[in-house]
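Chemist: from the sequence below, what's the structure:
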Amino acid sequence: MSTAKFHDGNSLADATDELGKKALKLGLIPSFTVRFFPDSREYFIAHDDKSEALTPEEAYLRFKKLVEKANN
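Modeler: Purely as a prediction, here's the structure:
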């Protein structure tokens, strides 16, 4: 099992951004958007006709699951 590369909210959000970029590169998602706020980020993963707001934690877990599934 790999060691997490985040220790606080900002490093978690940075790790989420990297996983999102990886998911895009692998063609697992059509696009994602990040809204930056002074103290947090909000993620939107595009679907066919809708997109829901996700916290960095939720987006990280979703991206991680997609990327791991694609690698297996």
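Chemist: quickly note the distance from F37 to G27.
Modeler: From F37 across to G27, the span is 29 Å (Cβ to Cβ, to the nearest Å). To be clear about C-beta, it is placed using only N, CA and C from the backbone, and glycine gets the same treatment.
Chemist: how about Y43, secondary structure?
Modeler: At Y43 the chain is in strand, as set by DSSP: H, G, I helix; E, B strand; the rest coil.
Chemist: so it sits right up against L61, yeah?
Modeler: No. If you go by Cβ atoms under 8 Å, Y43 and L61 don't touch, sitting 11.1 Å apart.
Chemist: so the two - more neighbours on which side?
Modeler: Just comparing Y43 and L61: by other Cβ atoms under 10 Å the higher neighbour count belongs to Y43, 24 against 14.
Chemist: nearest residue to the more buried one other than its sequence neighbours?
Modeler: Spatially, and ignoring its direct neighbours in sequence, Y43 is nearest to A59 (3.7 Å; Cβ to Cβ, 6 or more residues apart in numbering).
Chemist: around that neighbour, how many other residues sit close by?
Modeler: Neighbours of A59 (other Cβ under 10 Å): 25.
Chemist: distance check, it against D39.
Modeler: 16 Å.
Chemist: and G27, by the same measure?
Modeler: G27 is 33 Å from D39, by Cβ to Cβ.
Chemist: pLDDT (mean, whole number) over stretch 8-19?
Modeler: Mean pLDDT, stretch 8-19: 92.
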